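J.: model this:
(4 chains)
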4 protein chains.
Amino acid sequence: MNPASIQLLITGGTLDKDYQTTSGELIFKQTHLNELLREANTTLTIEPQVLMLKDSLEMTDNDREIIYLACLNTKNNQIVITHGTDTMRETAVYLSKHAGLTEKTIVLTGAMRPFKLGHSDASFNVAAALMAVQLAPNGVYITMNGQLFHADKVHKNRQLGQFEAV
Amino acid sequence: MNPASIQLLITGGTLDKDYQTTSGELIFKQTHLNELLREANTTLTIEPQVLMLKDSLEMTDNDREIIYLACLNTKNNQIVITHGTDTMRETAVYLSKHAGLTEKTIVLTGAMRPFKLGHSDASFNVAAALMAVQLAPNGVYITMNGQLFHADKVHKNRQLGQFEAV
Amino acid sequence: MNPASIQLLITGGTLDKDYQTTSGELIFKQTHLNELLREANTTLTIEPQVLMLKDSLEMTDNDREIIYLACLNTKNNQIVITHGTDTMRETAVYLSKHAGLTEKTIVLTGAMRPFKLGHSDASFNVAAALMAVQLAPNGVYITMNGQLFHADKVHKNRQLGQFEAV
Amino acid sequence: MNPASIQLLITGGTLDKDYQTTSGELIFKQTHLNELLREANTTLTIEPQVLMLKDSLEMTDNDREIIYLACLNTKNNQIVITHGTDTMRETAVYLSKHAGLTEKTIVLTGAMRPFKLGHSDASFNVAAALMAVQLAPNGVYITMNGQLFHADKVHKNRQLGQFEAV
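T.: You can find the predicted model right below:
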């Protein structure tokens, strides 16, 4: 259990939004993953990389290609991706259907409440992803709500705001 | 990956302390694990049980026996234990040396900053433990700082406030 | 300085909004003034009354009439009103132009960041209003940014998100 | 109501303590008043000055002399002092009995829960003090719990953690 270094691909989603006082809206200013990891006192070797900061409802297949290429090109075989929850499943399925990732463990996660708003599920979900990526067999996964799901065996129940096995 | 129910044994530690305004001290009033799990939106079946609320520097072998018996007696094979960090290793070793737990995965965790003080590592660590207990082979483990350690292959570096492999 | 009881009229505004996880929007669920006052350990006699929970951009003169009548009808001569910042000035001027309030001290305040999102200016502003209402001569005032303004001698600088004397 | 500049004398107290993870104790690292005022979006001209960072139980008459001289020497006639609650009354009485301050309004305040622990009364109390110092007649005051007390007409009820008129 000598931990390998972990690629952290940051794409935005609710996790990284913050409240802007002048507009009264939730916007992306910057990622807060560094702050989240500092609060957690992680001693893992984590290599963060901001690919984009997007609401996942606005993600296109072009964005998914960027994420796929980042997974393909990193030397790290353990990859955590932060992502908006609304199309997290679509991106996970996209990755699982593209070639060249069979040696890697990829875990997508996000949050239902922004990290910067307090009382958020962000730290919990990122921790679950960082542990799962170290322990799970190669493959593409989603972790939300404390559970680990295969990419194609999960959907988001939008009424409850929860992920469920399908 | 249809999740089994998880036994959550609560013993106290920094994680569950809170600031008492009248005395200006950090004390145990109650556990905050329910609040932590609610914020995390977990959909796991978790069975919480408060065994004690103690600073781990005050834990005796009698307390460790109580924890051991709780591990032995639960029908659940996945067990997460919240515990003070100062003697977490001692309790983990105690459990690993006692008979009857070989069918179980046991993960101890805690926090360096109380959950109720904000900006805490508590949610992160509990999430890591809940994921590890679902994925790791049977055995007794500690998770802190994002890493999973075998019970007897870790020590706390008190100067840094971090756990390190030994 | 034996404090009189203070009428607290709650009308909504950013102060009382919270993040709704399922929609990803900021909405009104309930007022959080009771929680705010509890955290502040106030020993004042405060009589809270929720008149409405509205974004102040949606306030009409009908709403302002409701606020005016509540000021007129309360037996308390010290009145604090929580209000959205965008039309706080309009409501303050409305009250200052209507008859029957000359024996009263009325202080409007609000917040630029919701109380429930943490790191908010809500507690600060409400405290300033509660102190001003005890000390200022009869009249209608706004307090924001630590300053006390007469109703008709202030405007909101929306670019800076600050109130300024005019 | 063109606000004069306000002298902010910082002496420590619970308000400025923070939790130290390695020792598990509440200690002084630095003042957090700048952060508190930034969150509050104050537009007042405030001149902060750290005189000491002390638990008020450890304050001596030498410390009180330092505070007195700072009040005497500042050109500002509006002075807010942050202070531990346990001997806040003693310092207030000390100032009210020493010569040369009759042209000044001095307001002491503090907190029952440290600002950095969240859900604190710090912002509320500092706001009340900043408003009181602008509005109250010359004299020495304490504000806690939303009330303004004359220096010699208040005591701390330690069982309740509240200030009461005497």
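J.: and residue A:141, what does it touch?
T.: Counting by Cβ atoms under 8 Å, 6 or more residues apart in numbering or on different chains, residue A:141 touches A:92, A:105-108, A:132, A:148-151. C-beta coordinates here come from the backbone N, C-alpha and C atoms, glycine included.
J.: go again using 7 Å as the cut-off
T.: Residues near residue A:141 by Cβ atoms under 7 Å, 6 or more residues apart in numbering or on different chains: A:106-107, A:132, A:148-151.
J.: residue A:48: neighbour count?
T.: 15 (other Cβ atoms under 10 Å in any protein chain shown).
J.: looks to me like it is in a strand.
T.: Yes: judged by DSSP: H, G, I helix; E, B strand; the rest coil, residue A:48 forms part of a strand.
J.: now the residue of chain A positioned farthest from its centre. Nearest residue, chain neighbours left out?
T.: Note on chain A: the largest C-alpha distance from the chain mean falls to residue A:22, namely 28.7 Å (Cα atoms, centre = their mean). With sequence-adjacent residues excluded and distances taken as Cβ to Cβ, 6 or more residues apart in numbering or on different chains, residue A:22 is closest to residue C:161, at 4.4 Å.
J.: the one you found and residue C:111 touch, don't they?
T.: No: using Cβ atoms under 7 Å, residue C:161 is not in contact with residue C:111, being 10.7 Å away.
J.: contacts only, for the nearest residue to residue A:28 once chain neighbours are set aside.
T.: With Cβ to Cβ, 6+ apart as the criterion, residue A:28 has its nearest non-adjacent residue at 3.9 Å, and that residue is residue A:53. Residues counted as contacts of residue A:53 (Cβ under 7 Å, 6+ apart) are A:12, A:16, A:28, A:31.
J.: who wins on neighbours among those?
T.: Neighbour counts for the contacts of residue A:53 (other Cβ under 10 Å) peak at residue A:16, which has 27 neighbours.
J.: OK, contacts around it?
T.: Taking Cβ under 7 Å, 6+ apart as the test, what residue A:16 contacts is A:28, A:31-32, A:53.
J.: if we use 8 Å, what do you get?
T.: Contacts of residue A:16 (Cβ under 8 Å, 6+ apart): A:10, A:28, A:30-33, A:53, A:82, A:114-115.
J.: go on, residue A:152?
T.: Residue A:152 is in contact with A:92-93, A:96, counting by Cβ under 8 Å, 6+ apart.
J.: could you redo the last one with a cut-off of 10 Å?
T.: Going by Cβ atoms under 10 Å, 6 or more residues apart in numbering or on different chains, residue A:152 touches A:89, A:92-93, A:96-97, A:140, A:142, A:166.
J.: tell me where chain A has strands.
T.: Ranges of strands in chain A, per DSSP state E, are A:6-12, A:18-20, A:25-27, A:46-54, A:78-82, A:105-109, A:139-144, A:147-150, A:154-157, A:162-165.
J.: go through the longest one and flag the buried ones.
T.: Going back to what we said before, that points to strand A:46-54. Residues of strand A:46-54 classed as buried by neighbour count (16 or more other Cβ atoms under 10 Å in any protein chain shown): A:46, A:51, A:53-54.
J.: I'd like the contacts of residue A:53 written out as a markdown table, with pLDDT added.
T.: Below are those laid out as a markdown table (pLDDT from 0 to 100):
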| residue | pLDDT |
| --- | --- |
| A:12 | 98 |
| A:16 | 98 |
| A:28 | 97 |
| A:31 | 98 |
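J.: between those residues, which is nearest residue B:75?
T.: residue A:16 (40.7 Å; Cβ to Cβ).
J.: got the residues of chain A near chain C?
T.: Counting by Cβ under 10 Å from any Cβ of the partner chain, chain A comes close to chain C at A:14, A:17-26, A:55, A:57, A:84-86, A:111-114, A:116-121, A:157-162.
J.: if we use 7 Å, what do you get?
T.: Neighbours of chain C within chain A, by Cβ under 7 Å from any Cβ of the partner chain: A:14, A:19, A:21-22, A:24, A:112-113, A:117-118, A:158-159, A:161.
J.: and the gap between the residue nearest to residue A:22 and chain B?
T.: Distance, residue C:161 to chain B, using Cβ to the nearest Cβ, to the nearest Å: 24 Å.
J.: also residue A:34?
T.: Per Cβ to the nearest Cβ, residue A:34 is found 14 Å from chain B.
J.: so for that residue, what's the pLDDT?
T.: Per-residue pLDDT puts residue A:34 at 98.
J.: so what's the residue count around the residue nearest to residue A:22?
T.: Around residue C:161 there are 19 residues (other Cβ under 10 Å).
J.: pull the contacting residues for residue A:119.
T.: By Cβ under 7 Å, 6+ apart, the residues touching residue A:119 are A:113, B:39.
J.: what distance do you get for it to residue A:113?
T.: 7 Å (Cβ to Cβ, to the nearest Å).
J.: ok, now residue A:102?
T.: In this structure, residue A:102 and residue A:113 are 34 Å apart, going by Cβ to Cβ.
J.: between these two, point out the one with more neighbours.
T.: Relative neighbour count places residue A:113 above the other of residue A:102 and residue A:113, with 23 against 8, counting by other Cβ under 10 Å.
J.: show the pLDDT at that one.
T.: Confidence score, pLDDT, at residue A:113: 98.
J.: hang on, it packs against residue C:21?
T.: Yes: with contact defined as Cβ under 7 Å, residue A:113 counts as touching residue C:21 (5.4 Å).
J.: so where's chain A shaky on pLDDT?
T.: Applying pLDDT under 70 to chain A flags the ranges A:1-2.
J.: and residue A:64, how many neighbours does it have?
T.: Residues near residue A:64, counting by other Cβ under 10 Å, number 19.
J.: name the nearest residue to it, sequence neighbours excluded.
T.: residue A:94 (4.5 Å).
J.: re the thing from before, out of the buried residues of strand A:46-54, which is nearest to residue C:126?
T.: Nearest member of the buried residues of strand A:46-54 to residue C:126, counting by Cβ to Cβ, is residue A:53, at 33.6 Å.
J.: separation between that closest one and residue A:67?
T.: According to Cβ to Cβ, residue A:53 stands 13 Å off from residue A:67.
J.: do residue A:98 as well
T.: Separation of residue A:98 from residue A:67 (Cβ to Cβ): 10 Å.
J.: these two: which has the busier surroundings?
T.: Neighbour count, other Cβ under 10 Å: between residue A:98 and residue A:67, residue A:67 has more, with 22 against 15.
J.: buried residues in stretch A:52-72?
T.: Buried residues in stretch A:52-72, counted by 16+ other Cβ under 10 Å: A:53-56, A:59, A:63-64, A:66-68, A:70-71.
J.: which of those residues lies closest to residue B:77?
T.: Distances from residue B:77 to these, taken as Cβ to Cβ, are shortest for residue A:71 (33.7 Å).
J.: show me the beta-bridge partners of residue A:6.
T.: Residue A:6 has these beta-bridge partners by DSSP bridges: residue A:46, residue A:78.
J.: how many neighbouring residues does it have?
T.: Here the number of neighbours of residue A:6 (other Cβ under 10 Å) works out to 24.
J.: hang on, it packs against residue A:49?
T.: No: counting by Cβ under 7 Å, residue A:49 is not a contact partner of residue A:6; they are 11.2 Å apart.
J.: and the residues of chain A next to chain C, which is closest to residue A:136?
T.: residue A:112 (22.4 Å).
J.: is the closest one in contact with residue A:162, as I believe?
T.: No: using Cβ under 7 Å, residue A:112 is not in contact with residue A:162, being 8.5 Å away.
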